[in-house]
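**Student:** Have a look; sequence and predicted model below, questions after that.
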Amino acid sequence: MDSQIEHSRSRTPVLRKAAAGLVLVVVAALLVKAVIGFVIWAFWTVVVIAAVLAVLWAVKTLVW
């Protein structure tokens with residue numbers, strides 16, 4: 001009887017592996033989204049700083 005009980009758990013590792021794979025896919029997708037968001041934020045920060053510096057340079061050039 002004990003051998004039949006032990007064989008009934010054969011599906012659990014497959015389900016656990018599938019769940020672990022799903023978790024990894026979800027976490028990877030969230031990390032990719034976070035990295036893309038950071039890159040976009042950094043790009044727009046540089047664009048705004050460059051625009052402010054360009055305006056300051058233009059005003060200085062026109063006034064002096």
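**Tutor:** Cool, the structure landed. This one's a predicted model, so the numbers in the text were calculated from it and none came from an experiment. Residues are numbered from 1 along each chain as shown.
**Student:** going forward, measure contacts and count neighbours with C-alpha atoms only.
**Tutor:** Fine.
**Student:** those helices in the protein, which residues are they?
**Tutor:** 2-7, 12-63 (DSSP state H).
**Student:** okay, the ones you listed in TSV with mean pLDDT and mean neighbour count next?
**Tutor:** TSV is the format used below for those (pLDDT from 0 to 100; neighbours: other CA atoms under 10 Å):
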stretch	mean pLDDT	mean neighbour count
helix 2-7	54	8
helix 12-63	96	12
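**Student:** And the residue nearest the centre of the chain?
**Tutor:** Leu31 (2.3 Å; CA atoms, centre = their mean).
**Student:** quick one: that residue from Ile40, how far?
**Tutor:** Separation of Leu31 from Ile40 (CA to CA, to the nearest Å): 14 Å.
**Student:** same thing with Ala58?
**Tutor:** As judged by CA to CA, Ala58 and Ile40 stand 27 Å apart.
**Student:** swap in Val32?
**Tutor:** Here Val32 is placed at a distance of 12 Å from Ile40 (CA to CA).
**Student:** Sounds good, over and out.
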